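Undergrad: 3D model of this:
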Amino acid sequence: MKVRTRWYDRVLSGLSLGALLAATLYVLLAWKTLPEHPPSHFDFHGAVDAWGNNKTTILTPLALAWFLFGLVTLTEHMPSTWNTVSGVRPANIPRALRLSKTLIGITKTGLSLFFAWSIFCAARGTGLGAAATPLLLIMVGIVPLVFVVLLLRLR
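TA: Predicted coordinates:
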């Protein structure tokens, strides 16, 4: 079954793609000015607790972010791979798939934004900031659930 793409799906995908493109362009344009040993790991409070070298510290998360973006985007277009609840009545299947697609899109956007931010911070040689972990948990955990619950209540 094909799930129709809505305007907000396009906005979420554009935001995800834009964040990763911005991070990639920043790294490419600033490559010669990157710190010799950028941060490679951040603690729960967003402070740097390990340092690495340019190639592994900047390029590995960038490659991983693009890989995950591609994988989730591919999965987003293949509803047959989604693990939806088996007890859904046939009349509710289109709506369940629609909500699943929305949930996948919001989660992809949250992860892309977080990856882009962490790559920017590593390229600048700074920590993520104290709000990084709570914001990640909110973007990837709470926002998708609130959005889906609101969609469920609207109809």
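Undergrad: when you work out contacts or count neighbours from here on, use the C-alpha atoms and nothing else.
TA: OK.
Undergrad: by contact count, what packs against the helix or strand harbouring residue 135?
TA: For residue 135, the element it lies in under DSSP states H and E is helix 132-137. Packing contacts for helix 132-137, counted by 3 or more CA pairs under 8 Å, 6 or more residues apart in numbering; DSSP states H and E, involve helix 93-124.
Undergrad: need the pLDDT of the spatially most central residue of the chain.
TA: Among the residues of the chain, the one closest to the centroid is residue 111, at 1.9 Å (CA atoms, centre = their mean). Here the pLDDT value assigned to residue 111 is 89.
Undergrad: repeat that for residue 57.
TA: Residue 57 carries a pLDDT score of 78 in this model.
Undergrad: that one reaches residue 40, doesn't it?
TA: Yes. The pair residue 57 / residue 40 is scored as a contact, 5.2 Å apart, by CA atoms under 8 Å.
Undergrad: who has more neighbours, the two?
TA: residue 40 (22 against 19; other CA atoms under 10 Å).
Undergrad: how about that one, what does it touch?
TA: Contact partners of residue 40, counting by CA atoms under 8 Å, 6 or more residues apart in numbering, are 48, 49, 50, 51, 52, 57, 58, 122.
Undergrad: ok, those residues vs residue 143, which is closest?
TA: Of all the contacts of residue 40, residue 143 sits closest to residue 122, with 25.7 Å by CA to CA.
Undergrad: got the buried residues for the helix or strand hosting residue 9?
TA: Secondary structure assignment for residue 9, by DSSP H and E: helix 7-29. For helix 7-29, a neighbour-count test (16 or more other CA atoms under 10 Å) marks 9, 12, 13, 15, 16, 17, 18, 19, 20, 23, 24, 27 as buried.
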